[in-house]
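[1] prediction below, plus the sequence it came from.
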Amino acid sequence: LAGKPAGYLYNQLVAFKNGRRKYPPMNYLLEFLPDPYLQQMADYFADQHPALPPVAASDASKEVLQHGQSLVSRGDPQRQVPACGSCHGPALTGMEPGIPGLLGLRPNYISAQLGAWRYGTRTATAPDCMQQVAARLTEEDVTAVAAWLASRPAPVNIAPAPKGTYVLPFACGSEPD
């Protein structure tokens, strides 16, 4: 949670509070908390900046890692899958105000989240860009993306890209140029 954009954290807290994200301990904890308090929680965690954990050894093959790198770096225009950096920032550290970074996460967490987006058990308010993108991924794509992202060392600056410093190459749901 630490260091994620405050807007992203707030949206996730509201999603747990309203039951759009399902994890009973979080749903129960947040159910009766007022939104201004949720914003204070989000701001607090966004202001924390611990170092990312060291990269763990991967048992993924060279081919799997190359496939993951290709999807993360270039996407797949034929399937309308944008490069991850298109939304998550050029360094994959997220973008203000509400897009999280993708580095420092375990591959099983990345895979689980992509799976939840793919199958609609994790959703966002419209337009639900992640659901649209994840629905176009295969199981092999998810495995490859998760393995490659988890293999990446942290950049020197792990802060999310500030709002307005990076222009998305195409809008959610549209084809890239």
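    Arrived safely. Because the structure is predicted, anything quoted here is derived from the model rather than measured. Numbering: from 1, shown residues only.

[2] secondary structure element holding the residue in the chain sticking out farthest from the centre?
    In terms of distance from the mean C-alpha position of the chain, residue 32 ranks first, at 26.6 Å (Cα atoms, centre = their mean). Following DSSP states H and E, one finds residue 32 outside all helices and strands.

[3] likewise for the one 5 residues further on?
    Using DSSP H and E, residue 37 sits within helix 35-46.

[4] shaky segments in the protein?
    Filtered on pLDDT under 70, the chain yields the residue ranges 165-177.

[5] show me this protein divided up by domain.
    1-50, 53-177 (automatic domain parsing).

[6] can you name the residues in contact with the helix holding residue 37?
    The set of residues external to helix 35-46 that reach it, using Cβ atoms under 8 Å, 6 or more residues apart in numbering, is 1-7, 9-10, 13-14, 17, 30. Glycine gets a C-beta too; all of them are placed from N, C-alpha and C.

[7] what would these look like in TSV with secondary structure and distance to residue 97?
    Shown next, in TSV, are these (DSSP: H, G, I helix; E, B strand; the rest coil; distance: Cβ to Cβ, whole Å):
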residue	secondary structure	distance to residue 97
1	coil	16
2	coil	17
3	coil	14
4	coil	11
5	coil	6
6	helix	7
7	helix	3
9	helix	10
10	helix	9
13	helix	14
14	helix	14
17	helix	19
30	helix	20
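
[8] determine which two of those are furthest apart.
    3 and 17 (21.9 Å; Cβ to Cβ).

[9] related to what we said a few turns ago, out of the contacts of helix 35-46, which are buried?
    Neighbour counting over the contacts of helix 35-46 (16 or more other Cβ atoms under 10 Å) leaves 3, 4, 5, 6, 7, 9, 10, 13, 14, 17, 30 as the buried ones.

[10] just give me the closest of those to residue 104.
    Nearest to residue 104 among those, counting by Cβ to Cβ, is residue 3 at 8.9 Å.

[11] excluding chain neighbours, what is closest to the closest one?
    Nearest residue to residue 3, sequence neighbours excluded (Cβ to Cβ, 6 or more residues apart in numbering): residue 49, at 4.9 Å.

[12] settle this for me: the one you found is touching residue 2, isn't it.
    Yes. Residue 49 lies in contact with residue 2 (Cβ atoms under 8 Å); the separation is 6.7 Å.
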